[in-house]
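Peer 1: coordinates for the following, if possible.
(chains A and B, ligands or ions: 2)
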Amino acid sequence: MSSEIAVTASDLRVTFRKGEVKALDGFDLEVPTGQVIGLLGPNGAGKTTAVRVLSTILRPDTGSAQVLGHDVVKEAGRVRRLIGLAGQYATVDEQLTGMENLTMVGKLCHLKRSSVAPRAVELLEQFGLSDAGGRPVKTYSGGMRRRLDLAAALVARPPILFLDEPTTGLDPQSRLGLWDVIEALVKGGTTVLLTTQYLEEADRLAQSIVVIDKGHVIAKGTPAELKAELGATVLELTLASEEAAQQTAALLATLSTKTPHIDGVTVGLTVDEGPKIAAEALRRMDADGIDMLGLALHEPSLDDVFLALTGRKAEVDTEALVEGTTRKGRKAKEAS
Amino acid sequence: MTDLATKPSAGTSIGWAFSDIKTVTWRNLIRTVRVPEAMFFSTLQPIMFVLLFRYVFSSIPVPGGSYVNYLMPGIFVQTLCFGAVSTSIGLAEDLQSGLLERFRALPMSRAAVLGGRTSADVVRNVFVIILMTGVGLLVGFRPQSNPLDYLLACLIILLFSYSLMWGFAIIGLKAPNAETAQLMSFPILFPLTFASSAFVNPATMPSWLRGFAENQPVSQAVDAARSLMVGGVYHNASAPWVSLAWSIGLLIVFVPLAVRSYRNA
Ligand SMILES: Nc1ncnc2c1ncn2[C@@H]1O[C@H](COP(=O)(O)OP(=O)(O)OP(=O)(O)O)[C@@H](O)[C@H]1O
Ligand SMILES: [Mg+2]
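Peer 2: Numbers count the residues shown, from 1 in each chain, chains lettered A, B, ... in the order given. Ligands and ions are numbered 1, 2, ... in the order given. All right, here's what the predicted structure looks like:
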């Protein structure tokens, strides 16, 4: 894995509705070659807008972005030969069959004539669509459509892949399958920028995570680094009574730099060295004769990270979802 | 399969533009064929128009005496003009379905989407002309000119409808959805095709309408087709040239505007 940078964005700004909506507001990004970067953010954070700028669909108001050294505005044609895009909404032709969709994309990517059909067949197989390949896409289920859309992004074997919420709408099994596909691609040297609302997905796939909110980056790092920022491990103790919980909290206060968090009969303690502290806690409680019903040590999830960074829970905001499904709202100035 | 096999093959950009237009045209034609109901009814409509006008208005006095000979060139032009609506509907649908998003991120020629849409619509219009010629012959249409002039007439009206398609492309790209694109097209098409020389002699219209009806581009195309297909009393040496000039003029105006709408859509 080289340390070269495959995709950069600096100070991107994109506004909609005559400046009323700032979709990107000073967005910066660096994606090292051969890595998976997860772009994480709540609804309306600007993930899709960032992907559309990087894939030459949308021209930014200011700022610049390069893909393998080529400017996405001035050298859009070059960039398009290097990227594969699977947008947030499956963009395949409903009337055409799966096979026809893929051969159309193959021709439009200017593949060698003789490899257009074999490549389509290969992808249909890879995505479990061989049997459905001859059927019009309008007969496909949502998940099948999604997979075909991803297959279409891979037709020309692009070195850079942009995937906007690739597993939204997939069942758990298809999601796992897709993760395998992405991991295989990355092993083969593909660079992937992936947006997601599933924190688990970013955690599993991405070497590094960029958290965005309100159009700009609010945190970045490896999943481990982001979690560390929160203070390593959470030690959770369950006691027999609220009284015992109070007592325990007082007893263990010196073990953490942060005040223990009491919630009914449970006491939460953010600590640096989980196992060691847990042992010490047990020793103290034993000495004081406090009985304990349960003990748990857990890493903070990215949900915790998100909560800590934005002060909001990373949950689906239904209003934004409804807005997001009306595609026609999104036709402000775009590059061709 | 090796990586090399999926490397783009070499080629000039003009060559690729043609190949991309061909690919998109093919895709649009497949879409048409895949909806047999739409195919059936869009074929039925021109046939119905021929039959209705041929028999309902057969007693309308026209120069030359034979209404069916007067009518057929007019029906041709009217049908092709209405066919241009499918350009706007097709583009509005592609925009709405998000497919244009995918196309924009592909290394295909920028001319391909508009070129492929209009080319597919021209192919359909050729089919419509052949079909209507057949139906016309069945109900008494008797073109008097030689086949070459007939063909020339067909080319002139195909070119005219082609120039209109670029105008309707703009509507398709600006409309919020396909239904609206269609609704926006009719207020333009109805006055143009009916306040023309397509169905009745403009000389019989009120004077305020007559000036418009005689000189607007649809009438010029109809007069050119009538002159070349039927000839005789309809002979009009200048109409083919005037129609040609209209088509070229409209293309000069509409093509850049449509391209700009596509970029901004
Ligand atoms: N074409 C458009 N016209 C108007 N506003 C837009 C347009 N596209 C995006 N926006 C707005 O810009 C902001 C960022 O949108 P974007 O789609 O990039 O968010 P996102 O992070 O992808 O959200 P989600 O998780 O819901 O997909 C939102 O407030 C959205 O409403
Ligand atoms: Mg999005």
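
Peer 1: now for the residue in the stretch 151-300 of chain A that chain B sits nearest to, how many residues are close by?
Peer 2: Closest to chain B within the stretch 151-300 of chain A is A:R157: 4.9 Å, counting by C-beta to the nearest C-beta. Every residue, glycine included, has its C-beta placed from N, CA and C. By other C-beta atoms under 10 Å in any protein chain shown, the residues close to A:R157 number 18.

Peer 1: helix, strand or coil: sort out residue 219 for me.
Peer 2: Defaulting to chain A. Classification of A:A219 using DSSP: H, G, I helix; E, B strand; the rest coil returns strand.

Peer 1: is A:L235 in contact with A:M292, as I believe?
Peer 2: No: taking contacts as C-beta atoms under 8 Å, A:L235 lies outside contact range of A:M292: 11.6 Å.

Peer 1: when the two are compared, which one has more neighbours?
Peer 2: More crowded of A:L235 and A:M292, by other C-beta under 10 Å: A:L235, with 23 against 16.

Peer 1: that older thread, in terms of pLDDT, where does the residue of the stretch 151-300 of chain A closest to chain B sit?
Peer 2: Looking at A:R157, its pLDDT reads 94.

Peer 1: you'd agree it is in a strand?
Peer 2: No: A:R157: not assigned to a strand; according to three-state DSSP it is coil.

Peer 1: quick one, phi psi at it?
Peer 2: The phi/psi pair for A:R157 (degrees, to the nearest 10) reads phi 50, psi 60.

Peer 1: next: the one 5 residues further on.
Peer 2: Here is the backbone geometry of A:F162 (degrees, to the nearest 10): phi -110, psi 120.

Peer 1: list the contacts of it.
Peer 2: If you count contacts by C-beta atoms under 8 Å, 6 or more residues apart in numbering or on different chains, A:F162 has them with A:51, A:54-55, A:83-86, A:153, A:192-193.

Peer 1: and for A:A45?
Peer 2: Contacts of A:A45 (C-beta under 8 Å, 6+ apart): A:212-215.

Peer 1: in which helix or strand would I find the residue lying closest to B:L80 once chain neighbours are set aside?
Peer 2: The spatially closest residue to B:L80, leaving aside those adjacent along the chain, is B:S161, at 3.8 Å (C-beta to C-beta, 6 or more residues apart in numbering or on different chains). In the assignment (DSSP states H and E), B:S161 maps to helix B:147-174.

Peer 1: got a list of contacts for the helix or strand that that helix is followed by?
Peer 2: Sequence-wise, the next helix or strand downstream of helix B:147-174 (DSSP H and E) is helix B:178-194. Applying C-beta under 8 Å, 6+ apart, the external contacts of helix B:178-194 come out as B:77-78, B:81-82, B:84-85, B:88-89, B:91-93, B:96, B:168, B:171-172, B:175, B:216-218.

Peer 1: in helix B:178-194, what counts as buried?
Peer 2: Across helix B:178-194, burial judged by 16 or more other C-beta atoms under 10 Å in any protein chain shown covers B:178, B:180-182, B:184-185, B:188-189, B:192-193.

Peer 1: nearest to B:S247, of those residues?
Peer 2: Relative to B:S247, the closest of the buried residues of helix B:178-194 is B:L192; by C-beta to C-beta it sits at 14.1 Å.

Peer 1: surely A:I209 meets A:I37?
Peer 2: Yes: at 7.4 Å, A:I209 and A:I37 qualify as touching, with contact defined as C-beta under 8 Å.

Peer 1: backbone phi and psi for the residue in the stretch 151-300 of chain A positioned nearest to ligand 1, please?
Peer 2: For the stretch 151-300 of chain A, the nearest residue to ligand 1 under the criterion C-beta to the nearest ligand atom is A:Q197, separated by 5.8 Å. Reported as degrees, to the nearest 10, the phi and psi values for A:Q197 are phi -110, psi -10.

Peer 1: tell me what angle the helix holding B:S161 forms with helix B:178-194.
Peer 2: Interaxial angle of helix B:147-174 relative to helix B:178-194 (axes from the mean of the first three to the mean of the last three C-alpha atoms, to 10 degrees): 140 degrees.

Peer 1: what is the mean pLDDT for helix B:147-174?
Peer 2: For helix B:147-174, mean pLDDT rounds to 96.

Peer 1: got the contact list for residue 166?
Peer 2: If you meant another chain, say so; for now it's chain A. Taking C-beta under 8 Å, 6+ apart as the criterion, A:P166 is in contact with A:86, A:146, A:150, A:178, A:182, A:194, A:196.

Peer 1: not what I meant, chain B
Peer 2: B:87, B:114, B:118, B:250-251, B:254-255, B:257-258.

Peer 1: ranges for the strands of the stretch 51-200 of chain A?
Peer 2: A:62-67, A:70-71, A:83-86, A:160-164, A:191-196 (DSSP state E, counting those that start in this stretch).

Peer 1: now render the ones you listed as CSV, adding mean pLDDT.
Peer 2: Shown next, in CSV, are the strands of the stretch 51-200 of chain A (pLDDT from 0 to 100):
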stretch, mean pLDDT
strand A:62-67, 96
strand A:70-71, 96
strand A:83-86, 94
strand A:160-164, 95
strand A:191-196, 93
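
Peer 1: quick one: closest of those to B:D223.
Peer 2: strand A:83-86 (50.2 Å).

Peer 1: which strands or helices does the helix-or-strand element of chain B with minimal mean pLDDT pack on?
Peer 2: Scoring the helices and strands of chain B by mean pLDDT, DSSP states H and E places helix B:36-56 at the bottom, with a mean of 87. Counting contacts by 3 or more C-beta pairs under 8 Å, 6 or more residues apart in numbering or on different chains; DSSP states H and E, helix B:36-56 packs against helix B:13-34, helix B:67-83, helix B:112-138.

Peer 1: where in the chain is pLDDT low?
Peer 2: This is for chain A. Applying pLDDT under 70 to chain A flags the ranges A:1-3, A:229-232, A:300-308, A:310-336.

Peer 1: to clarify, I was referring to chain B.
Peer 2: For chain B, residues meeting the criterion pLDDT under 70 lie at B:1-12.

Peer 1: try 80 this time
Peer 2: B:1-13, B:265 (pLDDT under 80).

Peer 1: kindly report the residues of the stretch 51-200 of chain A close to ligand 1.
Peer 2: Within the stretch 51-200 of chain A, the residues that sit near ligand 1 (C-beta under 6 Å from any ligand atom) are A:88, A:197.

Peer 1: so which bits of the stretch 51-200 of chain A are right by ligand 2?
Peer 2: A:Q88 (C-beta under 5 Å from the ion).

Peer 1: hang on, the earlier thing: let's have the contacts of A:P166 in a markdown table, adding distance to B:L131.
Peer 2: Output for the contacts of A:P166, formatted as a markdown table (distance: C-beta to C-beta, whole Å):
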| residue | distance to B:L131 |
| --- | --- |
| A:A86 | 42 |
| A:R146 | 41 |
| A:L150 | 42 |
| A:L178 | 48 |
| A:I182 | 51 |
| A:L194 | 51 |
| A:T196 | 52 |
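
Peer 1: which member of the residues you listed is positioned nearest A:G63?
Peer 2: For the contacts of A:P166, with A:G63 as the reference and C-beta to C-beta as the criterion, the closest is A:L194, at 21.5 Å.

Peer 1: surely that closest one touches A:L39?
Peer 2: Yes: the pair A:L194 and A:L39 passes the contact test of C-beta under 8 Å, sitting 6.8 Å apart.

Peer 1: what sits against A:L108?
Peer 2: B:20, B:23-24, B:103, B:106-108, B:112.

Peer 1: what's around A:T238, how many residues?
Peer 2: Neighbourhood size, A:T238 [other C-beta under 10 Å]: 16.

Peer 1: brain fart, A:V234
Peer 2: Neighbour count for A:V234, taken as other C-beta under 10 Å: 19.

Peer 1: tell me what it is bridged to.
Peer 2: A:T270, A:H298 (DSSP bridges).

Peer 1: in the least confident helix or strand of chain B, which residues are buried?
Peer 2: Quick answer for helix B:36-56 (16+ other C-beta under 10 Å): B:42, B:46-47, B:49-50, B:53-54.

Peer 1: the helix or strand containing B:S243 close to chain A?
Peer 2: Using DSSP H and E, B:S243 maps to helix B:239-264. Yes: using C-beta under 8 Å from any C-beta of the partner chain, helix B:239-264 reaches chain A at B:262-264.
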